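A.B. asks: How does the following fold in three dimensions:
(2 chains)
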Amino acid sequence: MRRASGTENQKKREGRLAGKTVVENSFFGIHPLLASPKKFSKENLIRWIITATGWITVIILTLIMLLLFTEGLPIFSTTNPFSFIFTTDWYPVSDPPVFGILSFIVGSLMVTLTALVIAVPIGVAASAFLAEIATPTLREIIKPIIELLAGLPSIVLGFIGFLLLAPVVQNAFHLSTGLNGLTAGIMLAFICLPTIVSISEDSLSAVPKEYKEAAYALGATKWQTIRRVLIPAARSGIMASVMLGVGRAIGETMVVLMVAGGRLALPNFITDPLSAMTGRIAIEINNAVFGGLQYQALFAMGIVLFLMTLAVNIIADLVLEKQRRRYA
Amino acid sequence: MMLDFSVKMKTESISLFYDKTEALKKISLAIPAHQITAIIGPSGCGKSSFLRLFNRMNDLIWKARVTGQVYLDAVPLYDPKIDVVELRKRVGMVFQKPNPFPMSIFENIAFGPRVHGCHDKAKLDEIVERCCLRAALWDEVKDKLRDSAFALSGGQQQRLCIARVLAVDPEVILLDEPCSALDPASTMRIEELMQQLKSQYTIIIVTHNMQQAGRASDYTAFMLMGDLIEFSSTKEVFTSPKDKRTEDYITGRWG
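C.D. replies: Residues are numbered from 1 along each chain as shown, chains lettered A, B, ... in the order given. Next comes the predicted model:
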């Protein structure tokens, strides 16, 4: 730990770190501002702890990625990456095994998209209701309840989907089974709704009230004000909430495992039973031989999942950055 | 009080309550047509709240309640059958802080006509140009109508807000301390603009700048703690006020 010493350079450096200009005073050697070593070392300790926690987070995340890649990448010495991603045959325990995960990628995308198509309009509308139409009292009651829903264990939602929603979907579309992509997508929508509503409401409420007043004073209706002023002004927050929702939906395992049907073939319609990547990994990882080919393939599937969420985040960032630059 | 003018708007013993507190106490005032009426008074006297009664902006405030009546021509504004949207089209408002939308200059001015159903591109172009010209802004923005409104200076933004109000073609324009965030040069431009506009519009301006009320308005109302103390022609209020409190205030003895 660095302590206040008399050397000129160190004094300057510490002065800069403290955000103050150190008045040179070589006669006394130590500047009065730095004269209390005890207080200074406490400051220093706190800075150390904060820096360390920051680095620990980065290091742990890097190690997780490293693990994912070291365990998963070796599969590509036996399976061609192209056929891994773009074929649909998945026979992990045959001899020789065949690994094509396209069905699961499509399955994941289908249920996530379904969830978004349902959750985004409902979520944004609900947040606009809370931010602009509901009375303050009503908002104080409803918002905590919605946020509470975010803490609902996904297995409980899985049960609800399994017992209540699946029969309804089955009857409504005259299907052979209610456990399919549509049921899973609807349940996933419930999972990302609280995130979307809560964060969108925050950003809608944070829109300066001057915009709102200007719109109303020009004779805009409530709907026009929400649609043309509030939502565009809160766009970045709403986008962020949707991206977080996508993150939750694409990574959600339990619900899709329970209600998506688990069929291995490529789904043609959203009403087909299907498998998502997360669910597939969760089912098979227990039976896979440690370090074996199936084990490697499952980790490689994890890599694909990781890259997909990464892509979603990067695209969201680019979109937001572009908008920020337009009206900075 | 005998004043000779044609009345555009009129309040009749109007009171405003925030929850239980009475912010405005039974104010009756007539606003002359095609004139500039200034409302002056110390901070917190209720002059902004009073101004917001004229286009029912106080409706937006949770737990605000109004008794009494405001008339636009002969139409009672606090009648349950009144369409507030239509009212705000006829009575426009410019706020204390310039508040352009986070859109382009063009979009800002076209906002009003658009929400009232005008989507014709050529018509919108014409409205934007006409309103910018009338708000003395055209020369400064004609080459950058697609730029963000935030790229303009504070004074330009305020004139943009005036142009935005003109675009919905109101009859009355309410100005809520429109120059308090502006430098003296921009303030002068806004005051000149008010003089040009008054032949076509009735203007009500709230200001805490006495010089501004003195040089830019035709009539002046002095308010104190939610009461209307005096209303007369600006000349009379500033040269021979009837009420002792008005005199004390405008001579700067307090406030």
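A.B. asks: Which residues lie in contact with the residue in the stretch 51-200 of chain A that chain B sits nearest to in this structure?
C.D. replies: Taking C-beta to the nearest C-beta as the measure, the stretch 51-200 of chain A has residue A:136 as its residue closest to chain B, at 5.8 Å. All C-beta spots, glycine's among them, are computed from the backbone N, C-alpha and C. Contacts for residue A:136 (C-beta atoms under 8 Å, 6 or more residues apart in numbering or on different chains) come out as residue B:62.
A.B. asks: which regions of chain A sit below the pLDDT cut-off?
C.D. replies: Applying pLDDT under 70 to chain A flags the ranges A:1-40, A:323-328.
A.B. asks: returning to what we had before: for the residue of the stretch 51-200 of chain A closest to chain B, give me phi and psi.
C.D. replies: phi -50, psi -40 (degrees, to the nearest 10).
A.B. asks: where's the lengthiest helix in chain A relative to the chain centroid, distance-wise?
C.D. replies: For chain A, the longest helix by residue count, based on DSSP state H, is helix A:37-72. Offset of helix A:37-72 from its chain centre (C-alpha atoms, centre = their mean, to the nearest Å): 22 Å.
A.B. asks: Mind giving me the packing neighbours of that helix?
C.D. replies: Counting contacts by 3 or more C-beta pairs under 8 Å, 6 or more residues apart in numbering or on different chains; DSSP states H and E, helix A:37-72 packs against helix A:293-326.
A.B. asks: Just the buried residues of the helix it packs on, please?
C.D. replies: A:293-306, A:308, A:312, A:316, A:320 (16 or more other C-beta atoms under 10 Å in any protein chain shown).
A.B. asks: which other residues reach stretch B:104-112?
C.D. replies: Stretch B:104-112 has contacts (C-beta under 8 Å, 6+ apart) with A:215, A:218-220, A:228, B:89, B:100-101, B:103, B:124, B:127-128, B:131-132, B:141, B:144-149, B:152, B:160, B:163-165, B:167-168.
A.B. asks: For residue A:297, list the residues it contacts.
C.D. replies: With C-beta under 8 Å, 6+ apart, residue A:297 has these contacts: A:72, A:75, A:79, A:84, A:92, A:97, A:99, A:101.
A.B. asks: ok, now residue A:265?
C.D. replies: A:88, A:103.
A.B. asks: Just want the angle from the longest helix of chain A to helix A:293-326.
C.D. replies: Angle of helix A:37-72 versus helix A:293-326, following axes from the mean of the first three to the mean of the last three C-alpha atoms, to 10 degrees, is 130 degrees.
A.B. asks: and after helix A:37-72, which helix or strand comes next?
C.D. replies: Note on helix A:37-72: by DSSP states H and E, the next helix or strand toward the C-terminus is helix A:81-86.
A.B. asks: what residues does the first helix or strand past that following helix going along the chain touch?
C.D. replies: Beyond helix A:81-86 on the C-terminal side, the first helix or strand identified by DSSP H and E is strand A:90-91. With C-beta under 8 Å, 6+ apart as the contact definition, strand A:90-91 has outside contacts at A:97-101, A:103-104, A:264.
A.B. asks: Repeat the analysis, applying 10 Å as the threshold.
C.D. replies: A:97-104, A:264-265, A:275, A:280, A:284, A:294, A:297, A:301 (C-beta atoms under 10 Å, 6 or more residues apart in numbering or on different chains).
A.B. asks: try stretch B:139-151
C.D. replies: Residues contacting stretch B:139-151 (C-beta under 10 Å, 6+ apart): A:326-328, B:98-110, B:125, B:128-129, B:132-133, B:135, B:138, B:152-153, B:155-157, B:159-161, B:163-164.
A.B. asks: again, only this time at 7 Å
C.D. replies: A:326-327, B:100-106, B:108, B:128, B:132, B:156-157, B:160 (C-beta atoms under 7 Å, 6 or more residues apart in numbering or on different chains).
A.B. asks: Considering those, which possesses the most neighbours?
C.D. replies: Counting neighbours by other C-beta atoms under 10 Å in any protein chain shown, the top entry in those is residue B:105, with 28 neighbours.
A.B. asks: Pull up the gap between that residue and chain A, please.
C.D. replies: With the distance defined as C-beta to the nearest C-beta, to the nearest Å, residue B:105 ends up 12 Å from chain A.
A.B. asks: Also residue B:230?
C.D. replies: The spacing between residue B:230 and chain A, counted by C-beta to the nearest C-beta, is 28 Å.
A.B. asks: pretty sure that residue is touching residue B:241, no?
C.D. replies: Yes. Between residue B:230 and residue B:241 there is a contact under C-beta atoms under 7 Å: 6.2 Å.
A.B. asks: Please save the CA atoms from stretch A:150-165 in PDB.
C.D. replies: Extracted in PDB, the C-alpha atoms of stretch A:150-165 (Å, rounded to 0.1, in the frame of the first residue of the first chain):
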ATOM      1  CA  ALA A 150     -40.100 -11.500 -11.300                       C
ATOM      2  CA  GLY A 151     -39.000 -13.500  -8.200                       C
ATOM      3  CA  LEU A 152     -41.400 -16.300  -8.900                       C
ATOM      4  CA  PRO A 153     -39.400 -19.600  -9.300                       C
ATOM      5  CA  SER A 154     -39.500 -20.700 -12.900                       C
ATOM      6  CA  ILE A 155     -40.500 -24.200 -11.900                       C
ATOM      7  CA  VAL A 156     -43.700 -22.800 -10.500                       C
ATOM      8  CA  LEU A 157     -44.500 -21.200 -13.800                       C
ATOM      9  CA  GLY A 158     -43.500 -24.500 -15.400                       C
ATOM     10  CA  PHE A 159     -46.200 -26.200 -13.300                       C
ATOM     11  CA  ILE A 160     -48.800 -23.600 -14.200                       C
ATOM     12  CA  GLY A 161     -48.000 -24.100 -17.900                       C
ATOM     13  CA  PHE A 162     -48.000 -27.900 -17.600                       C
ATOM     14  CA  LEU A 163     -51.300 -28.100 -15.700                       C
ATOM     15  CA  LEU A 164     -53.300 -25.100 -16.800                       C
ATOM     16  CA  LEU A 165     -52.100 -23.700 -20.100                       C
END
